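**Q** 3D, please:
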Amino acid sequence: MKEILKLEHVDKHFGGLHVTNDVSFSVKCGQVTGLIGPNGAGKTTLMNIISGIYLQDSGKVYFDGKDVSQVPPYTRAIMGIGRTFQAPRFLQRSNIRDNLLIGSDLSENKSFVKSFFSRQNMNFETELNRYMKVAGFGIDLDDDITSLTYGQQKLLEIVRSLLAHPKLLLVDEPAAGLNSAEIENAMALLNIAADEKGIGVLLIEHSMDMVMNICKEIVVINFGKVIATGTPEEVSSNEEVIAAYLGKDELD
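**A** From the prediction side, this is the model:
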């Protein structure tokens, strides 16, 4: 499979705190790659570096074969790097449909008004209806975004990201705060992203059930360093990973 993302020797520190240390790994198209490790290991910092919110102090970030190490976040988004956050981010004074159209705007690289009135909007509706069904939604798109529960907002953020047609999707703790049915719906959306759309997905998640069920490869970091990479089976049997993060009870 083609590599959509490659990190080479990425370092980041804040003052005297070394958050990431010589991190190298890759993400392939059409595959969910897990990024796991204890709290404070540097996972979200790496997401911020990949999306351009932070610039690394040394090392390189390659996206779709191009060096994007110094490219600003909005350009990376236009190039095809999508992102969800631990806490969902929406336009709080807008309705659900308008928030979702932001994703369509980005995918077509046009203004909100142009995309709203263009014939492309029919494709948007077809795609949206499918994703909303998979996400388990039965909601009125004209309702305020604030009418949704926290779990619904997290699922909707994945839907919005898919509507932008990314080449790489960074997903930060999608299962946090979701019930079991919502977690299944989140996994179904990510499977569509990888299996059907060929998107490379980088997933941060503390739910090991979700990680082991959906990820083809897993990268484990501890104290900012990569300590293991491999399949779920390889990682779950790695003694250093067990000692640092998973715990023997988790794997029994």
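**Q** which stretches of the stretch 101-250 of the chain form strands?
**A** 168-172, 200-204, 217-222, 225-230 (DSSP state E, counting those that start in this stretch).
**Q** show me what the third one is packed up against.
**A** By that I understand strand 217-222. Applying 3 or more C-beta pairs under 8 Å, 6 or more residues apart in numbering; DSSP states H and E, one finds that strand 217-222 makes contact with strand 17-28, strand 32-36, strand 225-230, helix 232-236. No exception for glycine: its C-beta is placed from N, CA and C like everyone else's.
**Q** one more time with 6 Å, if that's ok
**A** Applying 3 or more C-beta pairs under 6 Å, 6 or more residues apart in numbering; DSSP states H and E, we find strand 217-222 packed against strand 32-36, strand 225-230.
**Q** do the second one as well
**A** With contacts defined as 3+ C-beta pairs under 6 Å, 6+ apart, the packing partners of strand 200-204 are strand 17-28, strand 32-36, strand 168-172.
**Q** parallel or antiparallel, which strands does it pair with?
**A** Using DSSP bridges, strand 200-204 pairs in its sheet with strand 32-36 (parallel), strand 168-172 (parallel).
**Q** show me where the chain has helices.
**A** Using DSSP state H, the helices of the chain run over 43-51, 73-79, 96-108, 112-117, 120-134, 150-163, 180-191, 208-214, 232-236, 239-241, 248-251.
**Q** right, and the ones you listed - which one's nearest Glu8?
**A** Glu8 lies closest to helix 43-51 among those, at 12.0 Å (C-beta to C-beta).
**Q** output the closest one as CSV, restricted to C-alpha atoms.
**A** In CSV, the C-alpha atoms belonging to helix 43-51 read as follows (Å, rounded to 0.1, in the frame of the first residue of the first chain):
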residue,chain,number,x,y,z
LYS,A,43,0.2,11.5,21.0
THR,A,44,-1.8,14.7,20.5
THR,A,45,1.4,16.7,20.1
LEU,A,46,2.2,14.5,17.1
MET,A,47,-1.3,15.1,15.7
ASN,A,48,-0.7,18.8,16.0
ILE,A,49,2.6,18.5,14.2
ILE,A,50,1.1,16.5,11.4
SER,A,51,-1.7,19.0,10.9
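**Q** low-confidence bits of the protein, can you list those?
**A** Scanning the chain for pLDDT under 70 picks out 103-122, 245-252.
**Q** coming back round to it: now for the strands paired with strand 200-204, which one comes closest to Met210?
**A** Closest among these, using C-beta to C-beta: strand 32-36, at 8.8 Å.
**Q** now that closest one: buried residues?
**A** 32-36 (16 or more other C-beta atoms under 10 Å).
**Q** can you get me a residue count around the residue nearest to Pro232 when sequence neighbours are not counted?
**A** Excluding the flanking residues, the one nearest Pro232 by C-beta to C-beta, 6 or more residues apart in numbering is Met212, at 4.7 Å. Counted with other C-beta atoms under 10 Å, residues neighbouring Met212 total 16.
**Q** how far away is Met212 from Val226?
**A** Distance check for Met212 against Val226: by C-beta to C-beta, to the nearest Å, it reads 19 Å.
**Q** hang on, the earlier thing: for the helices and strands packed on strand 200-204, which one sits closest to Glu217?
**A** Nearest to Glu217, of all those, is strand 32-36, at 4.8 Å by C-beta to C-beta.
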